[in-house]
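the following block contains a protein sequence and its predicted model.
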Amino acid sequence: QQQVKQSPQSLIVQKGGISIINCAYENTAFDYFPWYQQFPGKGPALLIAIRPDVSEKKEGRFTISFNKSAKQFSLHIMDSQPGDSATYFCAASVGSGAGSYQLTFGKGTKLSVIP
Amino acid sequence: EAQVTQNPRYLITVTGKKLTVTCSQNMNHEYMSWYRQDPGLGLRQIYYSMNVEVTDKGDVPEGYKVSRKEKRNFPLILESPSPNQTSLYFCASRRQGTLGGYTFGSGTRLTVV
């Protein structure tokens, strides 16, 4: 059972455009939602994360929007650059207790930003 | 430099030949975890460890073993590898009390023929 569904699988965006990746979750116990960025040949690296007590978090050109009632969250990359070309994973975990050890990932979105 | 180090980076082996992928972190992290990454399936957790001598199964533990005898090391053991274990493997660690912010190694690409 896939607990975090991510879309689209791949995304092509023009330089300067907005990239949007969406995720939906099923487990209402999840209360921590990070996004990871992975470049070819590298391990994933934490990009930005959000708790459900806020609806939006912004760090530079990267913004997470969170809709608790819909059990959805999304990553927006403003002014997308070729250097943003990577695979992006959304993830979810329970913030405390035994569940906090397990990070459940979406299947990933390969983003290509073309000049 | 704070990091998670995996070895080897690439490994080709034959079915049934036992192998170990090593993982070491220099950040004194309590939590460590192994993931496998397959095309179209994303990252799936194999095993995780909350601290020394404390380990538990993740989502896809079949065919794998782990041990945590020291805080810094978390080796992944394949007793009898099979072709369906051909994958890209990542070790990750994080500090107790931090939320989801795992530091990942650079990966081990394993091919079982």
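Arrived safely.

which ones are touching residue A:104?
Residues near residue A:104 by Cβ atoms under 8 Å, 6 or more residues apart in numbering or on different chains: A:3-4, A:27, A:30, A:91-93, B:45, B:59. In short, each C-beta sits where N, CA and C put it, glycine included.

residues in a beta bridge with it, which ones?
The residues listed as beta-bridge partners of residue A:104 by DSSP bridges are residue A:92.

which parts of chain B sit against chain A?
When proximity is defined by Cβ under 8 Å from any Cβ of the partner chain, chain B lies next to chain A at B:4, B:31, B:33, B:35, B:40-45, B:48, B:50, B:56, B:58-59, B:90, B:92, B:99-107.

mind checking which of these are buried?
B:4, B:31, B:33, B:35, B:42-45, B:48, B:50, B:58-59, B:90, B:92, B:99-100, B:102-105, B:107 (16 or more other Cβ atoms under 10 Å in any protein chain shown).

now, the residues you listed that are in strands?
If you go by DSSP state E, these have B:4, B:31, B:33, B:35, B:42-45, B:48, B:50, B:90, B:92, B:103-104 in strands.

show the pLDDT at residue B:50.
On pLDDT, residue B:50 comes in at 89.

that should have said residue B:86, apologies.
98.

if I read this right, it contacts residue B:111, doesn't it?
Yes - under the criterion of Cβ atoms under 8 Å, residue B:86 makes contact with residue B:111 at 5.1 Å.

residue of chain B nearest chain A, please.
Closest contact between chain B and chain A, by Cβ to the nearest Cβ, is at residue B:104 (3.1 Å).
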